[in-house]
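here is a sequence with its predicted model. Questions after.
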Amino acid sequence: MDNKTAKVYEYPFNIKNIDCSVVEINGRHPLKGWYRNTSVDEMIYCKNGTGVIVFEEGSYTLKEDDAVFIEKNR
């Protein structure tokens, strides 16, 4: 993961298919190109600030307290 704009805190649960990470993003992430998780589903929660998630069909703006579920390979 690009550590210039993101700081990651991982909290493994030692339960099959479940882990938790907190990512603090400050700026564009990744710095260029795009990112797709091909191994696990993700739940993204915007704790504060705003962010934009881009998919082929369009983009979605997240604001404080918004959450989104993204299936792997989405």
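Cool, the structure landed.

list the buried ones in stretch 62-72?
Residues residue 62 are the ones in stretch 62-72 that count as buried (16 or more other Cβ atoms under 10 Å). Yep, even glycine has a C-beta here, placed from its N, CA and C like the rest.

end to end on stretch 62-71, go ahead and measure it.
17 Å (Cα to Cα, to the nearest Å).

which ones are touching the residue lying closest to residue 40 once chain neighbours are set aside?
Leaving out its chain neighbours, the residue that sits closest to residue 40 by Cβ to Cβ, 6 or more residues apart in numbering is residue 72, at 5.6 Å. By Cβ atoms under 8 Å, 6 or more residues apart in numbering, the contact list for residue 72 reads 37-42.

contact partners for residue 20?
Taking Cβ under 8 Å, 6+ apart, we find residue 20 in contact with 10-13.

sheet partners, orientation included, of the top strand by length along the chain?
In the chain, with assignment by DSSP state E, the single longest strand is strand 6-15. Using DSSP bridges, strand 6-15 pairs in its sheet with strand 18-25 (antiparallel).

outline the domain layout of the chain.
Per the record, the chain has its domains at 1-35, 38-74, by automatic domain parsing.

worst mean pLDDT among these?
Among the domains of the chain, domain 1-35 has the lowest mean pLDDT, at a mean of 85.

list the buried ones in it?
Buried-residue list, domain 1-35, by 16+ other Cβ under 10 Å: empty.

what about that domain, distance to the chain center?
In terms of Cα atoms, centre = their mean, to the nearest Å, the centre of domain 1-35 is set 6 Å apart from its chain centre.

one more: stretch 59-74?
That offset, for stretch 59-74, works out to 8 Å (Cα atoms, centre = their mean).
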